[in-house]
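Participant: Quick one, structure for this:
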Amino acid sequence: MEAPEFWDNQEKAQETISALKPIKLALKPFDELEGHVADLEALLELADEEGGEEVLPDAEALLGKLSSSVAKTEFQAMMGQETDPCGAFVGIHAGAGGTEACDWAGMLYRMYTRWAENHGHEIEVVDLGEGDSAGIRTVTFVVRGDYAYGHLRCEAGVHRLVRISPFDSNARRHTSFAAVEVTPELDDDIEVDLKESDVEMETFMSGGPGGQHQNKTASGVRLRHLPSGVVVECRNERSQHKNRKTAMKMLKSRLYRIEQEKREAEMAKLYDEKGQISFGSQIRSYVLHPYQLVKDLRTEVETGNTGAVLDGEIDQFIESYLRSQIGK
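Facilitator: Okay, the predicted model is just below:
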């Protein structure tokens, strides 16, 4: 890349940069480890000298950083899929239950956006359908950051909430469901077999946030993949062209994920015949009444700190699931 002629062929240069990106991401933790080890060795040498005890607190602090880096490197080593370094399309869809289910979908949306913010990731909403009284019926957003998909792919499935409904005047206990879909935001160098002739496009008035212009023009785009029945929507932009471009990326992402699931022989667990997540694939239960407990049904990992989980602290569930998949 430092060669003077590297940029003579712009297209080839970009291909090289794209190919190097995942390699650099994979090597980054090891570079950090190497730096921490070198710094620790230098501090320990100073500590061996006469009067060097004063550097011991610094050495202990650096040892903590080294331990954290080792754990981070070990965790990242569990992400070996081609698309793990990519960003992630996350879709949340309220189940049956009206306002209560829509509110639960909104709570999950907040949980994932807080998780993304805590990890320094960028968030972009590409489609939002608000509930009639509260919450959201459906939302699709992109989380962009290193290994966003590698972390979030294990969140796909059905999430169950049990609580006293704030919308029930009789204060009865309700059970609500919401489905979460996670697919990779594919890089340009990852190819997906998608024919334009297999895609049917519809436009619609994109109500909701966005101003009067958005409501008066058919800028919303709905794409249907005829062979599979997969449907995606995008309405966040005022431009129909931009919405179609984003919707095509979403469609490619969904189709790639379906093929990936087929290869892993997990298609029957997560998807029905039309590529939609099945409500039978429940992965986690959130109980707020009569007791407080969040439990992952795949790994049996649980915590009573429900407030922290709903505030985005879900790494323990992600890590435990990824560890459980090692060797499978």
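Participant: continuing past whichever strand or helix holds C102, what's the next helix or strand?
Facilitator: Following DSSP states H and E, one finds C102 within helix 99-118. Sequence-wise, the next helix or strand downstream of helix 99-118 (DSSP H and E) is strand 122-130.
Participant: how about that following strand: buried residues?
Facilitator: 126-130 (16 or more other Cβ atoms under 10 Å). Quick note: C-beta positions are derived from backbone N, CA and C, even for glycine.
Participant: Relative to that strand, what are the paired strands and their orientations?
Facilitator: strand 136-144 (antiparallel) (DSSP bridges).
Participant: C-alpha coordinates for the strand it pairs with, PDB please?
Facilitator: Taking Å, rounded to 0.1, in the frame of the first residue of the first chain, the C-alpha atoms of strand 136-144 are listed here in PDB:
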ATOM      1  CA  ILE A 136     -43.300   0.000  18.100                       C
ATOM      2  CA  ARG A 137     -44.800  -2.600  15.800                       C
ATOM      3  CA  THR A 138     -41.600  -3.100  13.900                       C
ATOM      4  CA  VAL A 139     -38.200  -1.500  13.600                       C
ATOM      5  CA  THR A 140     -35.100  -2.300  11.600                       C
ATOM      6  CA  PHE A 141     -31.800  -0.600  12.300                       C
ATOM      7  CA  VAL A 142     -28.100  -1.000  11.400                       C
ATOM      8  CA  VAL A 143     -25.400  -1.300  14.100                       C
ATOM      9  CA  ARG A 144     -22.000  -0.400  12.600                       C
END
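Participant: hmm, who's touching it?
Facilitator: Strand 136-144 has contacts (Cβ atoms under 8 Å, 6 or more residues apart in numbering) with 87-94, 102, 105-106, 109, 112-113, 116, 121-131, 152, 185, 232-234, 250.
Participant: Narrow those to those that are buried.
Facilitator: Buried among the contacts of strand 136-144 by 16+ other Cβ under 10 Å: 87-94, 102, 105-106, 109, 112-113, 116, 121, 126-131, 152, 185, 232-234, 250.
Participant: re earlier: tell me the angle the helix holding C102 makes with strand 136-144.
Facilitator: 10 degrees (axes from the mean of the first three to the mean of the last three Cα atoms, to 10 degrees).
Participant: tell me what helix 99-118 is packed against?
Facilitator: Counting contacts by 3 or more Cβ pairs under 8 Å, 6 or more residues apart in numbering; DSSP states H and E, helix 99-118 packs against strand 87-94, strand 122-130, strand 136-144, strand 157-164, strand 173-185, helix 306-310.
Participant: Now that we have the ones you listed, can you turn them into CSV and tack on mean pLDDT and distance to S69?
Facilitator: Formatted as CSV, these follow (pLDDT from 0 to 100; distance: least, Cβ to Cβ, whole Å):
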stretch, mean pLDDT, distance to S69
strand 87-94, 95, 24
strand 122-130, 93, 24
strand 136-144, 95, 23
strand 157-164, 95, 31
strand 173-185, 92, 26
helix 306-310, 98, 24
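Participant: Mind putting those into a markdown table with distance to K262?
Facilitator: Converted to a markdown table, the helices and strands packed on helix 99-118 look like this (distance: least, Cβ to Cβ, whole Å):
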| stretch | distance to K262 |
| --- | --- |
| strand 87-94 | 19 |
| strand 122-130 | 25 |
| strand 136-144 | 22 |
| strand 157-164 | 17 |
| strand 173-185 | 14 |
| helix 306-310 | 32 |
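Participant: D48: which of these is closest?
Facilitator: The minimum distance between D48 and the helices and strands packed on helix 99-118 falls on helix 306-310, with 42.4 Å, by Cβ to Cβ.
Participant: can I get the CA coordinates of the helix or strand following the closest one in CSV?
Facilitator: Next helix or strand after helix 306-310 toward the C-terminus (DSSP H and E): helix 315-324. Presented in CSV, the C-alpha positions along helix 315-324 are these (Å, rounded to 0.1, in the frame of the first residue of the first chain):
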residue,chain,number,x,y,z
ASP,A,315,-22.6,-9.3,27.1
GLN,A,316,-22.8,-12.2,29.6
PHE,A,317,-25.5,-13.8,27.5
ILE,A,318,-23.6,-13.2,24.2
GLU,A,319,-20.3,-14.5,25.5
SER,A,320,-21.8,-17.6,27.1
TYR,A,321,-23.7,-18.5,23.9
LEU,A,322,-20.6,-18.1,21.7
ARG,A,323,-18.6,-20.2,24.1
SER,A,324,-21.2,-22.9,24.0
